[in-house]
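In: following is a predicted model, sequence given first.
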2 protein chains.
Amino acid sequence: MPRNEVPTSRRERPAKPALTRQGIVDAALAILREEGLARVTMRRIAAAMDTGPASLYVYVHNTGDLHAQILDALLAPVSEPLPDGGTWRARLGELLARYRDVLFSHPEIARMAISTRPDGPHYLALVESILALLVEAGATDRAAAWGVDLLMLYPTAVAAEHATPSPSGRAPDPGADIAELTGRLAAADPARYPTISRLGPALVSGSGVQRFDWALDVLLAGILADRSGTE
Amino acid sequence: MPRNEVPTSRRERPAKPALTRQGIVDAALAILREEGLARVTMRRIAAAMDTGPASLYVYVHNTGDLHAQILDALLAPVSEPLPDGGTWRARLGELLARYRDVLFSHPEIARMAISTRPDGPHYLALVESILALLVEAGATDRAAAWGVDLLMLYPTAVAAEHATPSPSGRAPDPGADIAELTGRLAAADPARYPTISRLGPALVSGSGVQRFDWALDVLLAGILADRSGTE
DNA sequence: ACCTGAACACCGTTCAAGT
DNA sequence: ACCTGAACACCGTTCAAGT
């Protein structure tokens, strides 16, 4: 047996990927799934691939480059074909809900996606679909062009809200946000913050999905109301 | 002279703050101004205060706690009184432009503000003002309550876009984003991404301020159009 | 050309021990 | 109660040296 060939019967590290750009991304995705983004480090990936961190720099420019690759890989299911039929609104809602779901499952990636704009094929396909639906809905070219940013920024930012800033150890624990916010608002001095006090219940009302749907309607109403791009 | 008293004539570290919660925040703000958020570390702050990092944990829970304090301090100028007169729209625009400017000057703080909701007095004052203006503008209670989130998320996310993910060394270099995006869009295959290709110029058109003003109008139109909270 | 050991210059947080 | 030295368990990136 040539010495490069690894016997397939080795039981440990069954999915040890090859030392290529794609192999590195695959290893990173596995670690992301199992340990969270905070553990997706050059050193951790290198260890999973039985090498040193310096070896990765042959294929990956830096950590940002790696993260952008990870996001595009995660976006693959978003660009799967939509069910036939349905209004542009239903199709747009489905597309953005898929995008939101991916980001909600990986809040730390969402956080990253805000400053590192992804540019992979899956991301471009999503932008293309949203733009086409906005044009179909009657948006002006400029409203569609500027609106796609706004529409995608929203789920990204909401998902990123649920990311713990750096340590990935802590459990996500949804509901803690609301409970904490409720407490803070209840503690707000009614004399200094009268409107906050009065609207307190409304401020914390609604589930994440309800607020998401509401925001989508708000954004679309605003985008479609803009006729200034028409001459 | 009692041994605790430091002669005021010592020329180095002229503004060495006292080891208190406020002193730590002040030291952090000084480092932020001079070296960027990436250098605002427990170790760096401790060094500036002539002590070890462990000492800071007496006053600060963790890095997130510290960052939230920093943001609220930066928000102080936002809650200075608005010029008298002006429509609710002008006042709201001014308030959000101030908020945007603070975050644009500190993109890394904006990035952080997305996941760590600030809760200091200056932040609450801003929320209070925006809520009051939305109600004055005729928004329903629910539209105001949910809308304030949307209105504040937008400048935060846009500012965070300009933050380099982690290393603070690189210069901000505005325009590089647009140039890079333009190149990527030009390279987009017109057969696979026809709408992106057709809208290419519109996608990268407009200055940051133009797009900000446009987004504000879109958001407000959508928020004020929502009457579903009215019975 | 590709790969790597070792080093450089750092991190946040904890904890036992001091004052 | 407050403060701290030292340690624990890590980081990203570079570079000279190997194959």
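Out: Perfect, I can see it now.

In: give me the distance between the nearest residue to A:Met49 once chain neighbours are set aside and DNA strand D.
Out: Leaving aside its chain neighbours, A:Met49 sits nearest to A:Ala27 (5.6 Å; criterion: C-beta to C-beta, 6 or more residues apart in numbering or on different chains). Quick note: C-beta positions are derived from backbone N, CA and C, even for glycine. Here A:Ala27 is placed at a distance of 13 Å from DNA strand D (C-beta to the nearest atom of the strand, to the nearest Å).

In: would you agree A:Ala27 is in contact with A:Ile45?
Out: Yes. Using C-beta atoms under 8 Å, A:Ala27 makes contact with A:Ile45 at a distance of 5.2 Å.

In: by mean pLDDT, flag the weakest helix or strand of chain A.
Out: Every helix and strand of chain A was ranked by mean pLDDT, DSSP states H and E. The lowest is helix A:176-187, at a mean of 57.

In: returning to what we had before: in the helix or strand hosting the residue nearest to A:Met49, what's buried?
Out: Using DSSP states H and E, A:Ala27 maps to helix A:21-35. By 16 or more other C-beta atoms under 10 Å in any protein chain shown, the buried positions in helix A:21-35 come out as A:24-29, A:31-32.

In: all helices for chain A, in order.
Out: Using DSSP state H, the helices of chain A run over A:21-35, A:42-48, A:63-74, A:88-105, A:107-115, A:121-136, A:141-161, A:176-187, A:194-203, A:208-225.

In: how about the contacts made by the residue of chain A found nearest DNA strand C?
Out: At 2.7 Å from DNA strand C, A:Ala54 is the closest residue in chain A, using C-beta to the nearest atom of the strand. Taking C-beta atoms under 8 Å, 6 or more residues apart in numbering or on different chains, we find A:Ala54 in contact with A:Ala46.

In: next one, pLDDT for it please.
Out: For A:Ala54, the pLDDT comes out at 94.

In: measure it to A:Thr63 for me?
Out: 14 Å (C-beta to C-beta, to the nearest Å).

In: with A:Pro121 instead?
Out: A:Pro121 is 21 Å from A:Thr63, by C-beta to C-beta.

In: list just the nearest of the buried residues of helix A:21-35 to B:Leu199.
Out: A:Val25 (29.9 Å; C-beta to C-beta).

In: in contact with the closest one: list those residues for me.
Out: Each residue near A:Val25 by C-beta under 8 Å, 6+ apart is listed here: A:66, A:69-70, A:73.

In: need phi/psi at A:Thr116.
Out: Per-residue torsions, A:Thr116: phi -100, psi 100 (degrees, to the nearest 10).

In: what is the neighbour count of it?
Out: As a burial measure, A:Thr116 scores 19 neighbours (other C-beta atoms under 10 Å in any protein chain shown).

In: ok, it - contacts?
Out: Contacts of A:Thr116 by C-beta under 8 Å, 6+ apart are A:64, A:67-68, A:71, B:165.

In: so what does A:Asp119 have for phi and psi?
Out: phi -140, psi 20.

In: surely it touches A:Asp65?
Out: No. At 10.7 Å, A:Asp119 and A:Asp65 do not qualify as touching, with contact defined as C-beta under 8 Å.

In: the two: which is more packed in?
Out: A:Asp119 (17 against 12).

In: so where's chain A uncertain?
Out: Across chain A, the ranges flagged by pLDDT under 70 are A:1-16, A:163-187, A:229-231.

In: how about a cut-off of 90?
Out: A:1-19, A:33-39, A:62-65, A:67-68, A:79-86, A:104-120, A:157-192, A:200-210, A:227-231 (pLDDT under 90).

In: so which of the helices of chain A gets nearest B:Leu199?
Out: helix A:141-161 (4.9 Å).

In: off-centre distance for that closest one?
Out: Averaging C-alpha positions (C-alpha atoms, centre = their mean, to the nearest Å) puts helix A:141-161 12 Å from its chain's average.

In: can you give me the end-to-end distance of stretch A:50-64?
Out: End-to-end span of stretch A:50-64 (C-alpha to C-alpha, to the nearest Å): 22 Å.

In: how about it and DNA strand D, touching?
Out: Yes. Stretch A:50-64 comes into contact with DNA strand D (C-beta under 7 Å from any atom of the strand), by way of A:53-54, A:57, A:62-64.

In: residue numbers of chain A in contact with DNA strand C?
Out: Going by C-beta under 7 Å from any atom of the strand, the residues of chain A near DNA strand C are A:19, A:51-55, A:57-59, A:166-167.

In: again, only using 10 Å
Out: Taking C-beta under 10 Å from any atom of the strand as the contact definition, chain A meets DNA strand C at A:18-21, A:23-24, A:42-43, A:46, A:49-59, A:164-167, A:169.

In: show me the contacts for the closest residue to A:Ala143 other than its chain neighbours.
Out: Closest residue to A:Ala143 apart from its sequence neighbours, by C-beta to C-beta, 6+ apart: A:Asp226 at 4.4 Å. Residues in contact with A:Asp226 (C-beta under 8 Å, 6+ apart) are A:139-140, A:142-143, B:214, B:217-218, B:221.
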